[in-house]
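[1] A structural model of the following input is requested.
(one chain, ligands or ions: 1)
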Amino acid sequence: MDGHENPLRRQADAAFIRSWLKSPLKMGAVSPSSRALGRRMAEAVPDEPADGVVVELGPGTGVVTGCLLESGIEPDHLVCLEYAPEFCTLLRARFPRVHILQGDAYAPPAALKRALAGRPLRAVVSSLPLMTRPEHDRERAVAGYLDLLPPGAPFIQFSYAFAPPVRARHVGAEATVSPWIKRNLPPARVITYRRDGG
Ligand SMILES: C[S@@+](CC[C@H](N)C(=O)[O-])C[C@H]1O[C@@H](n2cnc3c(N)ncnc32)[C@H](O)[C@@H]1O
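    Next up, the predicted model:
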(Lines give C-alpha, C1' and ligand atoms only; values in the text may rest on other atoms or scores of the structure.)
Protein backbone atom coordinates (compact mmCIF):
# COMPACT_ATOMS: atom_id res chain seq x y z
CA MET A 1 0.00 0.00 0.00
CA ASP A 2 1.46 3.41 -0.89
CA GLY A 3 0.82 7.00 0.23
CA HIS A 4 -1.89 7.44 -2.41
CA GLU A 5 -4.05 4.67 -0.96
CA ASN A 6 -5.83 6.55 1.86
CA PRO A 7 -6.92 9.58 -0.21
CA LEU A 8 -8.10 7.15 -2.90
CA ARG A 9 -10.13 5.21 -0.32
CA ARG A 10 -11.73 8.46 0.87
CA GLN A 11 -12.55 9.38 -2.73
CA ALA A 12 -14.02 5.90 -3.18
CA ASP A 13 -16.26 6.29 -0.12
CA ALA A 14 -17.45 9.70 -1.36
CA ALA A 15 -18.11 8.21 -4.82
CA PHE A 16 -20.14 5.43 -3.19
CA ILE A 17 -22.39 7.97 -1.44
CA ARG A 18 -22.79 10.01 -4.64
CA SER A 19 -23.70 6.89 -6.64
CA TRP A 20 -26.14 5.76 -3.98
CA LEU A 21 -27.86 9.17 -3.99
CA LYS A 22 -28.03 9.10 -7.80
CA SER A 23 -29.11 5.50 -8.27
CA PRO A 24 -29.82 3.47 -5.12
CA LEU A 25 -31.07 0.45 -7.11
CA LYS A 26 -27.85 0.23 -9.14
CA MET A 27 -25.86 0.29 -5.90
CA GLY A 28 -28.13 -2.05 -3.95
CA ALA A 29 -26.14 -1.37 -0.76
CA VAL A 30 -26.01 1.40 1.81
CA SER A 31 -22.26 1.21 2.30
CA PRO A 32 -19.21 -0.37 0.66
CA SER A 33 -18.57 -4.02 1.48
CA SER A 34 -16.56 -4.72 4.62
CA ARG A 35 -13.14 -6.36 4.41
CA ALA A 36 -14.57 -9.31 6.38
CA LEU A 37 -17.04 -9.90 3.55
CA GLY A 38 -14.37 -9.34 0.90
CA ARG A 39 -12.04 -11.85 2.56
CA ARG A 40 -14.83 -14.43 2.77
CA MET A 41 -15.49 -14.05 -0.96
CA ALA A 42 -11.76 -14.28 -1.76
CA GLU A 43 -11.48 -17.49 0.31
CA ALA A 44 -14.04 -19.16 -1.97
CA VAL A 45 -11.79 -18.67 -5.04
CA PRO A 46 -9.88 -21.88 -5.84
CA ASP A 47 -6.10 -21.87 -6.42
CA GLU A 48 -6.44 -23.76 -9.70
CA PRO A 49 -5.95 -23.40 -12.54
CA ALA A 50 -2.96 -21.23 -11.66
CA ASP A 51 -3.16 -19.37 -15.00
CA GLY A 52 -6.94 -18.95 -14.60
CA VAL A 53 -8.64 -15.57 -14.61
CA VAL A 54 -10.97 -14.29 -11.89
CA VAL A 55 -13.79 -12.03 -13.10
CA GLU A 56 -15.21 -9.58 -10.58
CA LEU A 57 -18.65 -8.08 -11.29
CA GLY A 58 -19.72 -4.77 -9.72
CA PRO A 59 -16.44 -4.05 -7.88
CA GLY A 60 -17.64 -0.56 -6.87
CA THR A 61 -15.10 1.00 -4.51
CA GLY A 62 -12.72 -1.97 -4.74
CA VAL A 63 -12.96 -3.51 -1.25
CA VAL A 64 -13.42 -7.03 -2.65
CA THR A 65 -10.85 -6.32 -5.39
CA GLY A 66 -8.28 -5.49 -2.71
CA CYS A 67 -9.07 -8.71 -0.80
CA LEU A 68 -8.76 -10.79 -3.99
CA LEU A 69 -5.30 -9.30 -4.64
CA GLU A 70 -4.25 -9.82 -1.01
CA SER A 71 -5.27 -13.47 -1.31
CA GLY A 72 -2.55 -13.88 -3.94
CA ILE A 73 -4.41 -13.42 -7.23
CA GLU A 74 -2.09 -11.73 -9.73
CA PRO A 75 -3.42 -8.36 -10.97
CA ASP A 76 -3.09 -9.55 -14.56
CA HIS A 77 -5.37 -12.47 -13.65
CA LEU A 78 -8.14 -10.22 -12.39
CA VAL A 79 -10.74 -8.65 -14.71
CA CYS A 80 -13.29 -6.28 -13.18
CA LEU A 81 -16.52 -5.27 -14.90
CA GLU A 82 -18.15 -2.18 -13.40
CA TYR A 83 -21.09 -0.16 -14.70
CA ALA A 84 -20.35 3.24 -13.12
CA PRO A 85 -17.63 5.22 -14.96
CA GLU A 86 -16.70 7.11 -11.77
CA PHE A 87 -15.85 3.84 -9.99
CA CYS A 88 -13.89 2.65 -13.04
CA THR A 89 -11.70 5.78 -12.86
CA LEU A 90 -11.07 5.23 -9.15
CA LEU A 91 -10.41 1.52 -9.57
CA ARG A 92 -7.86 2.21 -12.34
CA ALA A 93 -6.07 4.65 -10.01
CA ARG A 94 -6.09 2.20 -7.08
CA PHE A 95 -5.27 -0.95 -9.05
CA PRO A 96 -3.34 0.12 -12.17
CA ARG A 97 -2.36 -3.45 -13.13
CA VAL A 98 -5.88 -4.92 -12.87
CA HIS A 99 -8.05 -5.02 -16.03
CA ILE A 100 -10.91 -2.62 -15.31
CA LEU A 101 -13.72 -2.70 -17.88
CA GLN A 102 -16.69 -0.38 -17.95
CA GLY A 103 -19.92 -2.09 -18.96
CA ASP A 104 -23.12 -3.88 -18.04
CA ALA A 105 -22.61 -7.27 -16.40
CA TYR A 106 -26.06 -8.35 -17.70
CA ALA A 107 -24.81 -7.82 -21.28
CA PRO A 108 -21.06 -8.47 -21.04
CA PRO A 109 -19.06 -6.36 -23.51
CA ALA A 110 -16.76 -7.87 -26.15
CA ALA A 111 -13.88 -6.37 -24.14
CA LEU A 112 -14.48 -9.05 -21.50
CA LYS A 113 -13.68 -11.82 -23.97
CA ARG A 114 -10.60 -9.88 -25.15
CA ALA A 115 -9.37 -9.46 -21.55
CA LEU A 116 -9.72 -13.21 -20.95
CA ALA A 117 -7.48 -13.76 -24.00
CA GLY A 118 -8.39 -17.45 -24.23
CA ARG A 119 -7.34 -18.12 -20.60
CA PRO A 120 -9.56 -20.38 -18.46
CA LEU A 121 -11.79 -18.88 -15.78
CA ARG A 122 -11.07 -19.65 -12.14
CA ALA A 123 -14.10 -17.98 -10.58
CA VAL A 124 -16.63 -15.18 -10.98
CA VAL A 125 -16.96 -12.99 -7.87
CA SER A 126 -20.07 -10.82 -7.86
CA SER A 127 -21.21 -7.84 -5.80
CA LEU A 128 -24.05 -7.17 -8.27
CA PRO A 129 -27.28 -6.11 -6.54
CA LEU A 130 -29.10 -9.06 -8.11
CA MET A 131 -32.25 -8.63 -6.02
CA THR A 132 -33.00 -5.29 -7.70
CA ARG A 133 -33.63 -7.14 -10.97
CA PRO A 134 -36.48 -9.51 -11.95
CA GLU A 135 -35.87 -13.19 -11.25
CA HIS A 136 -35.59 -14.01 -14.95
CA ASP A 137 -32.76 -11.46 -15.47
CA ARG A 138 -30.89 -12.75 -12.41
CA GLU A 139 -31.13 -16.35 -13.55
CA ARG A 140 -30.09 -15.52 -17.10
CA ALA A 141 -27.05 -13.59 -15.84
CA VAL A 142 -25.88 -16.24 -13.35
CA ALA A 143 -26.50 -19.08 -15.84
CA GLY A 144 -24.53 -17.16 -18.49
CA TYR A 145 -21.48 -16.85 -16.22
CA LEU A 146 -21.78 -20.49 -15.12
CA ASP A 147 -21.66 -21.40 -18.84
CA LEU A 148 -18.31 -19.60 -19.07
CA LEU A 149 -16.86 -21.33 -15.99
CA PRO A 150 -15.28 -24.79 -16.19
CA PRO A 151 -17.23 -27.54 -14.33
CA GLY A 152 -16.80 -27.17 -10.57
CA ALA A 153 -15.53 -23.56 -10.73
CA PRO A 154 -17.56 -21.19 -8.55
CA PHE A 155 -19.83 -18.21 -9.13
CA ILE A 156 -19.51 -16.37 -5.81
CA GLN A 157 -22.22 -13.87 -4.84
CA PHE A 158 -22.97 -12.00 -1.66
CA SER A 159 -26.49 -11.29 -0.57
CA TYR A 160 -28.33 -9.56 2.26
CA ALA A 161 -31.54 -11.46 1.52
CA PHE A 162 -32.85 -14.45 3.48
CA ALA A 163 -33.69 -16.31 0.25
CA PRO A 164 -30.84 -16.87 -2.23
CA PRO A 165 -31.04 -14.37 -5.13
CA VAL A 166 -31.08 -17.26 -7.62
CA ARG A 167 -32.46 -20.74 -6.99
CA ALA A 168 -29.60 -23.11 -7.73
CA ARG A 169 -31.72 -25.70 -9.53
CA HIS A 170 -33.03 -22.99 -11.89
CA VAL A 171 -29.48 -22.52 -13.20
CA GLY A 172 -28.52 -26.21 -13.11
CA ALA A 173 -26.15 -25.70 -10.18
CA GLU A 174 -25.62 -26.61 -6.54
CA ALA A 175 -25.24 -23.84 -3.98
CA THR A 176 -23.50 -23.52 -0.64
CA VAL A 177 -24.36 -20.70 1.73
CA SER A 178 -21.95 -19.22 4.28
CA PRO A 179 -22.94 -18.21 7.81
CA TRP A 180 -24.02 -14.58 8.18
CA ILE A 181 -21.07 -12.20 8.12
CA LYS A 182 -22.04 -9.83 10.88
CA ARG A 183 -19.13 -7.45 10.33
CA ASN A 184 -20.84 -5.95 7.30
CA LEU A 185 -23.56 -3.31 7.02
CA PRO A 186 -26.06 -4.91 6.75
CA PRO A 187 -24.96 -8.49 7.56
CA ALA A 188 -24.55 -10.60 4.43
CA ARG A 189 -23.96 -14.17 3.34
CA VAL A 190 -21.80 -15.55 0.56
CA ILE A 191 -23.55 -17.92 -1.81
CA THR A 192 -21.39 -20.11 -4.02
CA TYR A 193 -22.93 -21.71 -7.11
CA ARG A 194 -21.20 -24.56 -8.92
CA ARG A 195 -22.10 -26.95 -11.69
CA ASP A 196 -20.50 -30.35 -11.63
CA GLY A 197 -19.10 -31.94 -14.72
CA GLY A 198 -21.44 -34.97 -14.77
C1 LIG B 1 -23.13 -3.40 -3.72
S2 LIG B 1 -22.32 -2.22 -4.72
C3 LIG B 1 -20.60 -2.57 -4.70
C4 LIG B 1 -20.02 -3.22 -3.52
C5 LIG B 1 -18.50 -3.29 -3.62
N6 LIG B 1 -18.05 -4.60 -3.14
C7 LIG B 1 -17.91 -2.17 -2.77
O8 LIG B 1 -17.43 -2.46 -1.68
O9 LIG B 1 -17.93 -1.02 -3.18
C10 LIG B 1 -22.78 -2.83 -6.32
C11 LIG B 1 -21.90 -2.42 -7.48
O12 LIG B 1 -22.40 -3.03 -8.67
C13 LIG B 1 -22.34 -2.08 -9.73
N14 LIG B 1 -23.34 -2.48 -10.71
C15 LIG B 1 -24.69 -2.42 -10.59
N16 LIG B 1 -25.28 -2.89 -11.71
C17 LIG B 1 -24.28 -3.27 -12.54
C18 LIG B 1 -24.25 -3.85 -13.82
N19 LIG B 1 -25.37 -4.12 -14.48
N20 LIG B 1 -23.04 -4.13 -14.37
C21 LIG B 1 -21.89 -3.87 -13.70
N22 LIG B 1 -21.86 -3.31 -12.49
C23 LIG B 1 -23.04 -3.02 -11.90
C24 LIG B 1 -22.66 -0.75 -9.05
O25 LIG B 1 -22.22 0.34 -9.83
C26 LIG B 1 -21.88 -0.92 -7.75
O27 LIG B 1 -20.55 -0.51 -7.92
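[2] Near the ligand, which residues of the protein are found?
    By the rule C-beta under 6 Å from any ligand atom, the part of the chain lying against the ligand is 16, 26-29, 32-33, 57-58, 60-61, 63-64, 81-84, 87, 104-106, 127-129. To be clear about C-beta, it is placed using only N, CA and C from the backbone, and glycine gets the same treatment.
[3] now with 8 Å?
    Residues of the chain lying near the ligand by C-beta under 8 Å from any ligand atom: 12, 16, 19, 23, 26-29, 31-33, 37-38, 57-65, 81-84, 87, 103-106, 127-129, 132, 158.
[4] Separate out the buried members of those.
    The neighbour count (16 or more other C-beta atoms under 10 Å) marks 12, 16, 19, 27-29, 32-33, 37-38, 57-65, 81-84, 87, 105, 127-129, 158 as buried among those.
[5] Could you pull up the residues touching the spatially most central residue of the chain?
    For the chain, residue 126 is the residue whose C-alpha lies nearest the centre (C-alpha atoms, centre = their mean; 2.7 Å). Applying C-beta atoms under 8 Å, 6 or more residues apart in numbering to residue 126 gives the contacts 56, 57, 58, 105, 145, 155, 156, 157, 158.
[6] now do the same end-to-end measure for stretch 158-173.
    By C-alpha to C-alpha, to the nearest Å, the extent of stretch 158-173 from end to end equals 16 Å.
[7] In the protein, where is pLDDT below threshold?
    Counting by pLDDT under 70, the chain shows low-confidence ranges at 1-5, 197-198.
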